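J.: Predicted structure and sequence below. I'll ask about it afterward.
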Amino acid sequence: METEIKNILEEEIKPMLKMHLGSLDFVDFKDGVVSVRFQGTCKGCPLSNLTLKAGIESILKEKVKGVERVEAVE
């Protein structure tokens, strides 16, 4: 499941973030929670929470059974 999450992050999510000079790193997947760390312009961006919940979390929950939540960590 972790490999599937990483593939979606690499192939679908990172290209979208790159358009805004941002990125993210996969940190962990445990108990249904995916942890990511924002990089570049995404780090500290006021819209990063919207990107996290409406974008990244929505995509992962739809495509990977078992993902319940996505959280950003420092």
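T.: Yes, it's here.
J.: Tell me which stretches of the chain form strands.
T.: 22-30, 33-40, 69-72 (DSSP state E).
J.: any chance of those in a markdown table, with mean neighbour count and distance to Asn7 too?
T.: For the C-beta atoms, the positions are set from N, CA and C on the backbone; glycine is no exception. Converted to a markdown table, those look like this (neighbours: other C-beta atoms under 10 Å; distance: least, C-beta to C-beta, whole Å):
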| stretch | mean neighbour count | distance to Asn7 |
| --- | --- | --- |
| strand 22-30 | 16 | 10 |
| strand 33-40 | 18 | 13 |
| strand 69-72 | 17 | 15 |
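J.: right, so of the ones you listed, which gets closest to Ala54?
T.: strand 69-72 (10.8 Å; C-beta to C-beta).
J.: Can you give the distance of the closest one from its chain's centre?
T.: Relative to its chain's centre, strand 69-72 lies at 7 Å (C-alpha atoms, centre = their mean, to the nearest Å).
J.: Walk me through which strands that strand pairs with, and which way each runs.
T.: Paired neighbours of strand 69-72 in the sheet (DSSP bridges): strand 33-40 (parallel).
J.: now the angle from the partner strand to strand 22-30?
T.: For strand 33-40 against strand 22-30, the angle by axes from the mean of the first three to the mean of the last three C-alpha atoms, to 10 degrees is 160 degrees.
J.: which other helices and strands contact the worst-scoring helix or strand of the chain on mean pLDDT?
T.: Using mean pLDDT, DSSP states H and E, the weakest-scoring helix or strand in the chain turns out to be helix 48-50, at a mean of 93. Where contact means 3 or more C-beta pairs under 8 Å, 6 or more residues apart in numbering; DSSP states H and E, helix 48-50 is not packed against any helix or strand.
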